[in-house]
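Asker: fold the stuff below for me.
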Amino acid sequence: MKGKLLNMKLKSAIVLAYENSQKMKSALHKSLHRVCSLPLPVWAARAAEPLCEEPPVVIIPEDSGFPQEYAKCRTVFLRGGGCYNALSSARKAVSPGGYVFILRGDMPLIKTETLEALAVLAKGKAAAVLTRAAAEGSGSILNLQGASPAEGGIHCGVYCFDSEALFSHIEKIGGPGGGGLGKIIEALSREGRSVAALAVKDVFEVTTVDDRIKLSECEREMRRRINDRHMESGVTFIDPERAYIDPGVSIGKDTVIYPDVVLQGETAIGERVILYPGCRIISSTIKSGCILQAVVSNEAEIGENVTAGPFVNLRPGTRISNGCKIGDFVEIKNSNIGEGSKVPHLSYVGDGDMGANVNIGCGTVFSNYDGFKKHRTVIGDNAFIGCNTNLVAPVKVGNNAYTAAGSTITEDVPDGSMAFARARQVNKEGYAEKFKQKKQN
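Answerer: Numbering: from 1, shown residues only. As a prediction, the model looks like this:
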């Protein structure tokens, strides 16, 4: 993206996100509302960041609750409102010299390519401003000295300024509450300074979010852009309108995404993965060849050729090795599952370390919490855990060891041994009839 700009100095971007909107009908400041999981101002900062030497600066009211640091942004908290205060605060945060973008924090759809074209146009000038035709919406008409009405248009609130020209004209706004950046543009034009206007090609880019309807429209458009990018890279979406992918997600080619799949955070999906409906993957790694159905995975790592689901919950710290099978109604938390091991159904594995080729029988529970501390369970290679086994941690089951169904294991099981930890069965002949008669009487 920086190719056209290498011979000019573009210092930074200032994202003005201090304004709120009563139309949002929200207790949250507008800057905290999200599109595809990112706060609105972060999208403008992301669009500008590849073109800037310094990280973008986001101007936020100090009582907004906006995070101090977000992605590659710097945050400046503003006391009091207004463009004058915002620019005065931004001046202290941006190094002198070069060019700066001024962007709206409620305009998440602005593209890097549009900002690049604006910066190229601004080269050698005092400023360049992004405009749209008057017929495309309401707003302030841009009046440039000697320009025809067609060359003016409605300014969109997106600018590229020579920083000296910008900051030396702050007083033109007239102090707190005295107007906006359009006054600076018009003052520069009257002084004979060169100011250019760039008409935006796609007016949807300059959509501003001031209510929930516009928020949903921007969410839909950004989701379309994200999904299109993945499809262009070789990913299949059965129904792109029903797949929800965050911007930080990577997906390998020949992966198939079914409807109602949600991929969040910094998730990495390998090649040839199939994600069936009901999967929600959060900041997890899913390696190539996996098949997942109705799986919730939060900060987990899944190796190659793993099958999981339906109705599987993988909690933080879970690491599943290659070739494993995780069946229905299984929860795994902070555990290591060895290569080729199976947890087929109806089990809880918490704080465990399993070797290779282990089989966990139906209804097994890793009893990891004693009411005060969490403890770990260790299971060796090729072990077989019988159905309805309770493994009371800390405990170790050795290599090639077995536990009998229904056992409660409280002591270590040596390699190659079979543990029986259940009451001996006693059959009382005729007792069933006596029991019924007793209850009936």
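Asker: per-residue confidence for Ala133?
Answerer: pLDDT, Ala133: 74.
Asker: burial of it, as a residue count?
Answerer: When neighbours are counted by other C-beta atoms under 10 Å, Ala133 registers 12. C-beta here means a position set from N, CA and C on the backbone, and glycine is covered the same way.
Asker: what sits closest to it if chain neighbours are left out?
Answerer: Gly153 (5.6 Å; C-beta to C-beta, 6 or more residues apart in numbering).
Asker: what's the single longest helix in the chain?
Answerer: For the chain, the longest helix by residue count, based on DSSP state H, is helix 212-232.
Asker: that one - what's its average pLDDT?
Answerer: On average, helix 212-232 scores 97.
Asker: and the next element down the chain from it?
Answerer: strand 236-237 (DSSP states H and E).
Asker: parallel or antiparallel, list what pairs with that next one.
Answerer: Strand 236-237 has these partner strands in its sheet, going by DSSP bridges: strand 256-257 (parallel).
Asker: what's the mean pLDDT across the partner strand?
Answerer: 98.
Asker: need the contact partners of that strand.
Answerer: Outside strand 256-257, the residues that touch it by C-beta atoms under 8 Å, 6 or more residues apart in numbering are His230, Val235, Thr236, Phe237, Ile238, Ala243, Ile245, Ile251, Val273, Ile274, Leu275.
Asker: so what's the closest residue to the last one other than its chain neighbours scoring on pLDDT?
Answerer: For Leu275, the nearest residue in space outside its immediate sequence neighbours is Val261; the separation is 4.9 Å by C-beta to C-beta, 6+ apart. Per-residue confidence for Val261 comes out at a pLDDT of 98.
Asker: hang on, Val261 packs against Pro277?
Answerer: Yes: using C-beta atoms under 8 Å, Val261 is in contact with Pro277, at 6.8 Å.
Asker: those two - which one has more neighbours?
Answerer: Using other C-beta under 10 Å as the criterion, Val261 and Pro277 rank with Val261 on top: 23 against 15.
Asker: residue contacts, the more buried one?
Answerer: Counting by C-beta under 8 Å, 6+ apart, Val261 has contacts Ala243, Tyr244, Leu275, Tyr276, Pro277, Gly278, Cys279, Arg280, Ile281.
Asker: over to Asn313?
Answerer: Asn313 is in contact with Val295, Val296, Val330, Glu331, Ile332, counting by C-beta under 8 Å, 6+ apart.
Asker: closest to Val57 out of those residues?
Answerer: Nearest to Val57 out of these is Val296 (C-beta to C-beta; 37.0 Å).
Asker: centroid residue for the chain?
Answerer: Centroid check for the chain by C-alpha atoms, centre = their mean gives Gly265 as the closest residue, at 3.1 Å.
Asker: ok, the residue lying closest to it once chain neighbours are set aside - contacts?
Answerer: In this structure, Gly265 finds its nearest non-sequential neighbour in Ser283, 3.4 Å apart by C-beta to C-beta, 6+ apart. Taking C-beta under 8 Å, 6+ apart, we find Ser283 in contact with Gln264, Gly265, Glu266, Thr267, Asn298, Glu299.
Asker: could you redo the contacts of Val261 as JSON lines and give each row pLDDT?
Answerer: Below are the contacts of Val261 laid out as JSON lines (pLDDT from 0 to 100):
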{"residue": "Ala243", "pLDDT": "97"}
{"residue": "Tyr244", "pLDDT": "97"}
{"residue": "Leu275", "pLDDT": "98"}
{"residue": "Tyr276", "pLDDT": "98"}
{"residue": "Pro277", "pLDDT": "98"}
{"residue": "Gly278", "pLDDT": "97"}
{"residue": "Cys279", "pLDDT": "98"}
{"residue": "Arg280", "pLDDT": "98"}
{"residue": "Ile281", "pLDDT": "98"}
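Asker: and these, which two are the farthest apart?
Answerer: Applying C-beta to C-beta across the contacts of Val261, the maximum distance is between Tyr244 and Tyr276, 14.9 Å.
Asker: for this structure, what helix or strand is lowest in average pLDDT?
Answerer: helix 149-152 (a mean of 46; mean pLDDT, DSSP states H and E).
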